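1. my questions are about this predicted structure, shown below with the sequence.
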Amino acid sequence: QKEVEQNSGPLSVPEGAIASLNCTYSDRGSQSFFWYRQYSGKSPELIMFIYSNGDKEDGRFTAQLNKASQYVSLLIRDSQPSDSATYLCAVIPPSSFGNEKLTFGTGTRLTIIP
Amino acid sequence: DVKVTQSSRYLVKRTGEKVFLECVQDMDHENMFWYRQDPGLGLRLIYFSYDVKMKEKGDIPEGYSVSREKKERFSLILESASTNQTSMYLCASSFDGARSEQYFGPGTRLTVT
């Protein structure tokens, strides 16, 4: 089982709709969770981070964490064509506490259809 | 703003050459990381460093070495480049602490012919 799993997509969403991206992780003790966005040919940039169970909102983005079910999701409201990118989920598992190594999923490619 | 810079955006080298990729960060981060990214395989950690002159192997260290002589600079060395090292190389840095996000440089697209 991969440590961090994401559906590779592509996920196609109409402009203006809600895009929902999901990520599951295998290590129950993981504490920190990050969502990165990566445009084609560019490096990843941080969008959201979440540490506590529940929802965290930042503009059109909402991260949701459920530690009991070991999943973290990213919702993008009012999707725009500029949101078309690959979204990477990353976690810091207990084995990396102290050196903050991130374990990345392989990413979900999101396409917003105008 | 955090700035992580990498020495080259594109690099073409021949098989057997020694290759140096350099990364510099300006935010006094303790931790620095080197990844490679390949289609379908995602980001894979090659080496990381949590302090000057300290280094630890990541998931795929074979064929690579690193050097961190100054806090702001982390170099990745390919001792004898091979075609299977053709990839996008990404450097990142972060503060200490379990809640520290990593900031990435722009990447170096290395082609080994």
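-> Received it, and whenever you're ready, just let me know what you need.
2. identify the bridge partners of the residue nearest to the spatial centre of chain B.
-> Centroid-nearest residue in chain B: B:Trp34, 2.7 Å away (criterion: C-alpha atoms, centre = their mean). Beta bridges link B:Trp34 to B:Tyr47, B:Cys91, judged by DSSP bridges.
3. kindly confirm whether my reading is correct that it touches B:Tyr47.
-> Yes: between B:Trp34 and B:Tyr47 a contact is recorded at 5.2 Å, counting by C-beta atoms under 8 Å. The C-beta positions use only the backbone N, C-alpha and C, and glycine is treated the same way.
4. residues that sit against both of the two, list them.
-> Residues touching both B:Trp34 and B:Tyr47 by C-beta atoms under 8 Å, 6 or more residues apart in numbering or on different chains: B:Gly58, B:Tyr64, B:Val66, B:Leu76.
5. ok, and which of these reach chain A?
-> The subset of the shared contacts of B:Trp34 and B:Tyr47 within reach of chain A, by C-beta under 8 Å from any C-beta of the partner chain, is B:Gly58.
6. got the contact list for residue 108?
-> Because you didn't say which chain, this covers chain A. A:Gln6, A:Asn7, A:Ser8, A:Gly9, A:Leu11, A:Leu21, A:Asn22, A:Thr86, A:Tyr87 are the contacts of A:Thr108 under C-beta under 8 Å, 6+ apart.
7. was after chain B, sorry
-> Shown in contact with B:Thr108 (C-beta under 8 Å, 6+ apart): B:Gln6, B:Ser7, B:Ser8, B:Arg9, B:Tyr10, B:Leu11, B:Leu21, B:Met88, B:Tyr89, B:Leu90.
8. so what's it closest to, chain neighbours aside?
-> B:Tyr89 (4.7 Å; C-beta to C-beta, 6 or more residues apart in numbering or on different chains).
9. does any part of stretch A:34-50 sit near chain B?
-> Yes: shown here: stretch A:34-50 in contact with chain B (C-beta under 8 Å from any C-beta) through A:Phe34, A:Lys42, A:Ser43, A:Pro44, A:Glu45, A:Leu46, A:Phe49.
10. pretty sure the fourth one is touching B:Gly105, no?
-> No: A:Pro44 sits out of contact with B:Gly105 when judged by C-beta under 8 Å, with a separation of 10.3 Å.
11. near chain A, which residues of chain B?
-> B:31, B:33, B:40-43, B:45, B:48, B:50, B:56, B:58, B:90, B:94, B:96-107.
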